[in-house]
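1. Dropping the sequence and predicted coords here.
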Amino acid sequence: MNKSIFVEKPNLPKFNVSELIVSGRYKFVIDELKRLGISIIESDMLSEICGVEKYHTDISIIHLCNDNLLVAKNNTVLADKLSFLGYNVSLSKKIIFGKYPSCTALNAVILGDKMICRESFIDDKLIEYCKKNSIKIISVKQGYARCSTAVVAENAVITSDNGIYKACIENSIDVLKIESGYIEIEDYNYGFIGGSCGKLSDDILAFCGDVKVHKNYDDIKAFALNYGINLISLSNKRLFDIGGFIPTKQEWVY
């Protein structure tokens with residue numbers, strides 16, 4: 001028998017994901033995720049943000065642990081929706097608005113007892129959460145830290161960002177450095193790998209588009225396989241940065 005339980009650690013489901021949060025703008029991804037039997041919670045845009053980032057999930061929300069979510073205080077539609085669905089929702093102290101880097105207050109990547117972010121722009125509530133839970137803050141220049149980082153395992157990531165790459169090396173996080181580009185996004189020359197993928201189980205990393213067309217595909221595949229992770233493509237399109245997706249519930253077989 002299957003039972004849905006909350007994903008305990010951000011970005012790291014242990015079992016098959018049964019529910020996740022993703023931008024409602026990208027129907028080609030939503031349709032494929034639904035075909036895989038996953039329930040979808042569509043995140044709502046933040047009209048106060050300039051550019052396509054207003055639609056991106058990793059701009060307006062971050063998963064802390066279990067049922068705990070931190071949502072932009074000006075995204076009340078999403079906050080109310082998640083509260084109604086049984087999640088424990090906290091609102092950010094800051095209003096998420098404007099252009100980069102002002103819009104990056106929640107754009108951080110939590111890896112077990114570490115968090116990578118541009119600390120000077122991160123929301124106070126998130127800083128407080130890290131201090132309370134003994135999570136080490138690794139500060140980098142890249143404000144789009146979550147967008148720029150694909151989580152493979154609790155201590156393994158992929159990025160094209162030099163600053164994140166160096167910070168990972170310095171903090172004993174296994175990291176694969178790939179070339180910039182080869183990922184599409186609206187309004188910009190190229191997107192980021194973290195915004196183009198997410199984990200659907202302990203051993204599956206899913207990409208929004210065909211990961212095989214990325215120039216560094218062989219390296220990405222080998223790095224993932226080193227952690228027992230298989231790659232799947234959610235379409236035959238070119239890789240696309242949709243602002244990632246957040247796995248929040250998973251199936252537990254008992």
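-> Received, thanks.
2. Run through the helices of the protein in chain order.
-> 27-35, 57-60, 76-84, 124-132, 162-170, 217-225 (DSSP state H).
3. Format the CA atom coordinates belonging to stretch 188-196 as CSV.
-> Once non-C-alpha atoms are left out, stretch 188-196 reads as follows in CSV (Å, rounded to 0.1, in the frame of the first residue of the first chain):
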residue,chain,number,x,y,z
TYR,A,188,17.9,36.1,-21.6
ASN,A,189,20.7,34.5,-23.6
TYR,A,190,20.7,31.3,-21.6
GLY,A,191,19.3,29.8,-18.5
PHE,A,192,20.7,27.8,-15.6
ILE,A,193,20.8,24.1,-15.0
GLY,A,194,19.2,24.2,-11.5
GLY,A,195,16.1,25.9,-13.1
SER,A,196,15.9,23.2,-15.7
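4. Show me what it is in contact with.
-> 52, 56, 58, 109, 144, 146-151, 158-161, 178, 180-185, 207-209, 239-244 (CB atoms under 8 Å, 6 or more residues apart in numbering). The C-beta positions use only the backbone N, C-alpha and C, and glycine is treated the same way.
5. ok, now which ones touch Ser201?
-> Pro13, Lys14, Phe15, Asn16, Val17, Gln250.
6. So the second one sits against Ile204, correct?
-> The reference is to Lys14. No. In this structure Lys14 lies outside contact range of Ile204 using CB atoms under 8 Å: 11.7 Å.
7. how long is stretch 204-213 end to end?
-> 18 Å (CA to CA, to the nearest Å).
8. Buried residues, it. List them.
-> Along stretch 204-213, these residues count as buried under the neighbour rule (16 or more other CB atoms under 10 Å): Ile204, Leu205, Ala206, Phe207, Cys208, Gly209, Asp210, Val211.
9. Who does the third one form a beta bridge with?
-> Think Ala206. For Ala206, the beta-bridge partners under DSSP bridges are Gly198, Ile232.
10. rewinding a little: of the contacts of stretch 188-196, which qualify as buried by neighbour count?
-> For the contacts of stretch 188-196, buried by 16+ other CB under 10 Å: 52, 56, 58, 109, 144, 146-151, 158-161, 178, 182-185, 207-209, 239-244.
11. Take those and keep only those in strands.
-> Using DSSP state E, the members of these that fall in strands are Val109, Thr149, Ala150, Val151, Ile158, Thr159, Phe207.
12. Now for these: which two are most distant?
-> Maximum pairwise distance in these, criterion CB to CB, is 17.0 Å, between Val109 and Phe207.
13. Lys34 and Asp202, how far apart?
-> In this view, Lys34 and Asp202 are 21 Å apart by CB to CB, to the nearest Å.
14. So for the two, which residue has more residues nearby?
-> Legend: neighbour count by other CB atoms under 10 Å for Lys34 and Asp202, higher for Asp202 (15 against 11).
15. any weak-confidence spans in the stretch 1-150 of the chain?
-> 1 (pLDDT under 70).
16. Recalculate using a threshold of 90.
-> The stretch 1-150 of the chain contains residues with pLDDT under 90 at 1-3, 44, 50-51.
17. Can you tell me which of the buried residues of stretch 204-213 is nearest Pro101?
-> Nearest member of these to Pro101, counting by CB to CB, is Cys208, at 23.9 Å.
18. Isn't that closest one up against Arg238?
-> No. Cys208 is beyond contact range of Arg238, at 9.8 Å (criterion: CB under 8 Å).
19. circling back to that earlier point, of all the buried residues of stretch 204-213, which comes closest to Lys27?
-> Of all those, Cys208 has the smallest distance to Lys27: 11.6 Å, by CB to CB.
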